[in-house]
Structure formats: C-alpha cells, structure tokens
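1. 3D model of this:
(one chain, ligands or ions: 1)
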Amino acid sequence: MSDHSNRWAAPTTSAAGPMAPLDRRRFLARTAAAVAAATLGNAVCAAATAPYVFAHGVFEITLLSDGHFVLPPPNTPADVGFLYPDTPRPELEAFLRAAGLSIERVQLPNNVVLIRTASDLVLVDAGAGSGWQPTAGKLVENLQAAGIDPASVTKVVFTHAHPDHLWGVADDGGALRFPNAAYFVAEQEWNFWMAQDTVTKLPESFRRFALGARRDLSRIKDRLKTVKAGDDIIGGVRIVDTSGHTPGHISLELAGGDGLMVVGDVIANAAVSFAHPEWRFAIDTVPELAIASRRRLLDRAVAEKTRLIGSHWPYPGLGMAERSGSAYRFVATS
Ligand SMILES: [Zn+2]
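-> Purely as a prediction, here's the structure:
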C-alpha cells in the first residue's frame with residue numbers, strides 16, 4: 001500500500017467538526033440500539049454485553065466484548081509465574097497481591113474495536129472464535145445483539161495472529177464470519193506464521209498458536225493484503241509498528257483531535273504491563289523488542305496524552321497512560 005499522507009491529514013482538519021450531522025444521527029441511533037440491546041440482553045441472554053460507542057474525529061468507534069479468557073489456560077498449572085518467568089517469585093507475588101490479582105490465573109477481557117465511517121466498517125481483530133476458551137468467542141453474538149450484521153464489515157485488520165485475535169475469523173465449518181471483508185495483516189506477521197519452520201521452532205506450548213495461525217491465515221489468503229508501518233487502512237487509520245509481542249504486531253493510530261490508538265497486546269495487562277513494562281512476558285515472541293515497543297508506546301501516550309484501546313484491559317478497554325514513579329499506570333476513561 002502506498003503512503004496516503006494527504007488522506008491522513010484530511011480527517012484531522014475536517015470543517016464538519018467532530019462528527020457530521022448524518023453521522024451524529026446514526027451515532028445516536030446506534031447508542032439507542034446499544035441500550036436496547038443491553039436491555040434485551042439482560043432479558044434474553046445474560047452473555048450479551050452492550051457495546052461502548054463514542055465519536056472520535058470523523059469516526060464512530062464501537063468497543064465490543066468477545067468475552068474473556070484466562071492465562072495460563074485452563075488445564076495447565078495454575079501459576080501466573082509462568083507469564084513472568086524472569087521476575088523473582090516474592091516480587092511477583094507481592095505485586096499481584098497488592099493489585100488484588102490472583103497468583104494462580106489472570107482473567108483477561110477480550111475487547112474488539114469497530115471503526116465506522118461513511119463508507120467503511122473496519123473491525124480490528126476478529127475475536128477468539130470457538131476454539132480458544134469457552135468463555136471467549138462472543139464477538140458475533142454481541143455484534144448481532146447491537147444490530148450490526150457481520151456481513152456489513154468491509155475490512156478486518158489484525159493487530160497480530162494470536163488465537164484470541166484471529167481464530168474468530170471463521171466458524172467451526174471454516175466459513176468466514178465476515179464474508180464480505182478485505183483482510184489486513186502485517187507483512188512480517190504473515191511471513192512469521194506462514195514460514196514452514198515456525199511450528200517446530202516454537203516451544204511446545206505455542207505450537208497450537210502456530211497451527212491455528214496457519215489455518216486461519218490460509219482461509220483468508222485470497223482476500224488478504226499485507227501491510228507495514230505507515231500504511232493507511234482507510235483515510236485517517238494508520239499502521240504503527242509495535243512489534244515484539246509477535247514479530248509483526250501492529251497498532252493503529254486514528255486521526256482526530258485528542259489522539260487515539262488501538263494498541264492490541266503491546267501493553268497486555270492493565271495492572272502489570274503499565275507498572276512493569278520491563279518484565280519479560282512469556283507470551284511475547286521477541287521479548288526484548290516487545291519491551292522496547294511497550295516503553296516507546298507508553299512514553300508517547302503520556303507525552304501526547306493519547307487515548308488508548310487495549311485488547312485485554314477492563315472492558316471496554318479505553319484509557320490513558322499516566323506516569324507513576326519510574327513507570328506508568330492505566331487510567332480508564334470510559
Ligand atoms: Zn491477546
């Protein structure tokens with residue numbers, strides 16, 4: 001993709017203000033639909049979670065729940081120490097207890113972002129589908145409860161190809177859940193997961209990730225474009241390199257007054273990753289690169305007072321980074 005720098009500038013300088021009248025009507029209607037869906041959800045299906053809808057520049061942003069999951073996964077030893085292997089055990093336990101977190105398993109919400117413009121409906125990540133953990137994979141259910149037809153999604157961008165972000169792309173029979181969408185993944189991400197030797201190079205516990213990534217990336221390959229930092233998915237939605245969690249992990253920067261970034265799993269845990277960005281996280285494929293990306297993003301978010309959306313922060317996952325001593329803390333803004 002080419003660098004559409006002119007289109008990038010356009011949304012930030014929109015004379016129409018934060019939202020054109022037509023968009024505002026749809027925004028209000030959508031919010032009403034969300035409230036109705038929440039009411040309906042409570043009455044009919046306790047699992048439905050109402051979306052969180054807000055305006056950003058020319059975009060309408062909808063944050064959706066895909067449910068949640070736990071790490072370490074069920075049926076593996078219940079020890080959060082697995083996730084932070086370099087952190088001395090007493091330090092880890094003291095931190096988790098002080099933060100009110102379990103030392104056995106951490107429960108992570110799975111948040112998905114939908115970006116609406118006049119002509120596009122862009123989904124950022126596709127949820128976990130049915131193959132990851134039974135408490136996740138609720139995205140399509142929650143989309144439909146909010147009155148959004150998955151067939152109306154025009155583009156799906158993957159921050160990376162881990163199970164909780166990619167495996168929701170197809171149903172159990174292999175049919176695409178977003179049948180009319182074009183798909184986007186970073187070139188490095190595609191190259192990593194599709195390489196013949198990735199499955200065998202990874203530790204045993206991650207081979208399932210690699211097999212699933214190959215399976216689902218293959219399913220969308222005819223509709224998939226590989227992208228890189230600086231590319232625009234649509235005007236005003238630009239890719240930022242935040243590699244390390246996976247080799248081709250990307251974030252999205254959305255043009256608009258206050259600044260907004262969709263950051264996937266760069267700062268995976270709202271409690272731990274802000275306070276200890278330097279702790280090696282076992283799920284990061286390239287740990288040193290992940291730590292550098294995390295620090296760079298946190299520094300930038302603090303300096304620019306940018307709002308951030310994280311995949312696994314408390315639902316709906318919208319907040320800001322603030323400095324706290326020599327590190328940072330997460331401040332929810334929803
Ligand atoms: Zn994730």
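2. Would you check that Gly257 makes contact with Gly57?
-> Yes - using Cβ atoms under 8 Å, Gly257 is in contact with Gly57, at 6.3 Å. Glycine gets a C-beta too; all of them are placed from N, C-alpha and C.
3. Would you map the strands across the stretch 51-200 of the chain?
-> With DSSP state E, counting those that start in this stretch as the criterion, the stretch 51-200 of the chain has strands at 52-56, 59-71, 106-116, 121-124, 155-157, 182-186.
4. mind listing the strands for the stretch 201-334 of the chain?
-> 224-227, 232-234, 237-241, 250-254, 260-264, 307-310, 318-324, 327-332.
5. Using TSV, lay out those strands together with distance to Gly67.
-> TSV is the format used below for the strands of the stretch 201-334 of the chain (distance: least, Cβ to Cβ, whole Å):
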stretch	distance to Gly67
strand 224-227	25
strand 232-234	25
strand 237-241	25
strand 250-254	22
strand 260-264	17
strand 307-310	16
strand 318-324	18
strand 327-332	19
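6. I'd like those strands laid out as a markdown table, including mean pLDDT, distance to Ala126 and mean neighbour count.
-> Shown next, in a markdown table, are these (pLDDT from 0 to 100; distance: least, Cβ to Cβ, whole Å; neighbours: other Cβ atoms under 10 Å):
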| stretch | mean pLDDT | distance to Ala126 | mean neighbour count |
| --- | --- | --- | --- |
| strand 224-227 | 98 | 12 | 17 |
| strand 232-234 | 98 | 15 | 20 |
| strand 237-241 | 98 | 17 | 20 |
| strand 250-254 | 98 | 15 | 24 |
| strand 260-264 | 98 | 12 | 25 |
| strand 307-310 | 98 | 16 | 24 |
| strand 318-324 | 97 | 20 | 18 |
| strand 327-332 | 97 | 24 | 17 |
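7. Is it possible to get those out as JSON lines so that each row also shows distance to the ion?
-> Below are those laid out as JSON lines (distance: least, Cβ to the ion, whole Å):
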{"stretch": "strand 224-227", "distance to the ion": "19"}
{"stretch": "strand 232-234", "distance to the ion": "19"}
{"stretch": "strand 237-241", "distance to the ion": "17"}
{"stretch": "strand 250-254", "distance to the ion": "13"}
{"stretch": "strand 260-264", "distance to the ion": "7"}
{"stretch": "strand 307-310", "distance to the ion": "9"}
{"stretch": "strand 318-324", "distance to the ion": "16"}
{"stretch": "strand 327-332", "distance to the ion": "16"}
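8. one step back: please say which of Gly257 and Gly57 ends up with more neighbours.
-> Ranked by neighbour count (other Cβ atoms under 10 Å), Gly257 and Gly57 place Gly57 first, with 22 against 12.
9. how close does the more buried one get to the ion?
-> Distance, Gly57 to the ion, by Cβ to the ion, to the nearest Å: 26 Å.
10. Find the nearest non-adjacent residue to that residue, please.
-> Nearest residue to Gly57, sequence neighbours excluded (Cβ to Cβ, 6 or more residues apart in numbering): Gly256, at 2.5 Å.
11. The one you found is in contact with Ile61, isn't it?
-> No - with contacts counted by Cβ under 8 Å, Gly256 stays clear of Ile61, the gap being 9.7 Å.
12. Give me the more crowded residue out of the two.
-> More crowded of Gly256 and Ile61, by other Cβ under 10 Å: Ile61, with 25 against 19.
13. So that one is in contact with Phe54, correct?
-> Yes - look at Ile61 against Phe54 with Cβ under 8 Å: they come within range, at 5.5 Å.
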